[in-house]
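K.L.:
Structure of the sequence below:
(one chain, ligands or ions: 1)
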Amino acid sequence: MEPDYPANSRLQVSNLGCLRGGRVLFRNRHIDLHGGTVLTLRGSNGSGKSTLLRTLAGLLPMRAGELRWCGRTLLPTAAPYQSQLAYLSHHPAMNDALTGIENLHYLLTLAGMPWQVERVREVLGALGVLQAAGLAFGKCSQGQRRRLGLARVLLSGRQLWLLDEPDSALDDLGLQWLAGALTAHAARAGMAIVATHRDIPSLSGPVLDLSATADAVATAAPNGEHGGSSC
Ligand SMILES: Nc1ncnc2c1ncn2[C@@H]1O[C@H](COP(=O)(O)OP(=O)(O)OP(=O)(O)O)[C@@H](O)[C@H]1O
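P.N.:
Residues are numbered from 1 along each chain as shown. Below you'll find the model as predicted:
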């Protein structure tokens, strides 16, 4: 069993605005996320969900707004924030010529995670990709590729998960696994922002709908209790 994350961690994003191709996608969006919270990001195709996640992951410039992590105003590219996040995009970011295991070993080592064989086997087994992980990644099915990408997030040990349609290509069993993984992550005071078009079973928490007019802060706090700003 892995240790819990600091319960008083907090991600605050205020007045976020995003541009793409010279067009304003949205402005004045607010997120206030505490340990133990999963925020669902909704919106029609092209409304800017991926753009928002890529911005929070530090892969696109933050054109407008402010990000605070544990009370400190930081750029999304700042190390104290980057070291806490795991980002899963539409693309698996794995090398097709390497096996799933080799990809995981490379990516987790790069992220500074110790390679714990038993834990890796446990996660791959739970995801049903223990065998597929021995194949060249390029020979895996879309669902298997997605599951291996999710294994990378789960094994990352990071508190903040930014997941762009993690349910894509997953069958019903995979979707149930994802729901369980998110619930378990939240129970350990993990945090996640999940862009999805589907209903992920038993996922509760705030929803930010980018199709809607900007208004309320997407926020939630377990039991309404938070510690101080340090984490
Ligand atoms: N590289 C790019 N250059 C210019 N515009 C882009 C680029 N990528 C995306 N866009 C535009 O930005 C807008 C938002 O795209 P984004 O992928 O963030 O939406 P989304 O809500 O994630 O969509 P979906 O639900 O289809 O995944 C779209 O209008 C899209 O055409």
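
K.L.:
Could you pick out the residues of the protein near the ligand for me?
P.N.:
In this structure, the chain approaches the ligand at residues 20-21, 25, 43, 45-51, judged by CB under 6 Å from any ligand atom. Heads up, the C-betas are built off the backbone N, CA and C, glycines and all.

K.L.:
Name the pair among the residues you listed with the greatest separation in space.
P.N.:
The most widely separated members of these, counting by CB to CB, are 21 and 43 (17.0 Å).

K.L.:
more neighbours, those two?
P.N.:
residue 43 (19 against 5; other CB atoms under 10 Å).

K.L.:
Contacts only, for the more buried one.
P.N.:
49, 195, 209-211 (CB atoms under 8 Å, 6 or more residues apart in numbering).

K.L.:
how about 6 Å then?
P.N.:
With contacts defined as CB atoms under 6 Å, 6 or more residues apart in numbering, residue 43 is in contact with 49, 209-211.

K.L.:
As JSON lines, these with distance to residue 146 would be great.
P.N.:
Converted to JSON lines, these look like this (distance: CB to CB, whole Å):
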{"residue": "49", "distance to residue 146": "17"}
{"residue": "209", "distance to residue 146": "24"}
{"residue": "210", "distance to residue 146": "23"}
{"residue": "211", "distance to residue 146": "25"}
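
K.L.:
Now, the residues you listed that are in helices?
P.N.:
Among the contacts of residue 43, the members falling in helices (DSSP state H) are residue 49.

K.L.:
and the contacts of residue 43 as JSON lines, adding neighbour count and pLDDT?
P.N.:
Shown next, in JSON lines, are the contacts of residue 43 (neighbours: other CB atoms under 10 Å; pLDDT from 0 to 100):
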{"residue": "49", "neighbour count": "26", "pLDDT": "96"}
{"residue": "209", "neighbour count": "16", "pLDDT": "93"}
{"residue": "210", "neighbour count": "20", "pLDDT": "92"}
{"residue": "211", "neighbour count": "13", "pLDDT": "87"}
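
K.L.:
of all the contacts of residue 43, which comes closest to the ligand?
P.N.:
residue 49 (3.6 Å; CB to the nearest ligand atom).

K.L.:
Can you name the residues that contact that closest one?
P.N.:
Counting by CB under 6 Å, 6+ apart, residue 49 touches 41, 43, 195, 210.

K.L.:
per-residue confidence for the third one?
P.N.:
By that I understand residue 195. Looking at residue 195, its pLDDT is 96.

K.L.:
The second one now?
P.N.:
The predicted local confidence for residue 43 comes out at a pLDDT of 94.

K.L.:
Which two among the contacts of residue 49 are spaced furthest apart?
P.N.:
Largest separation among the contacts of residue 49 by CB to CB: 195 and 210, giving 9.0 Å.
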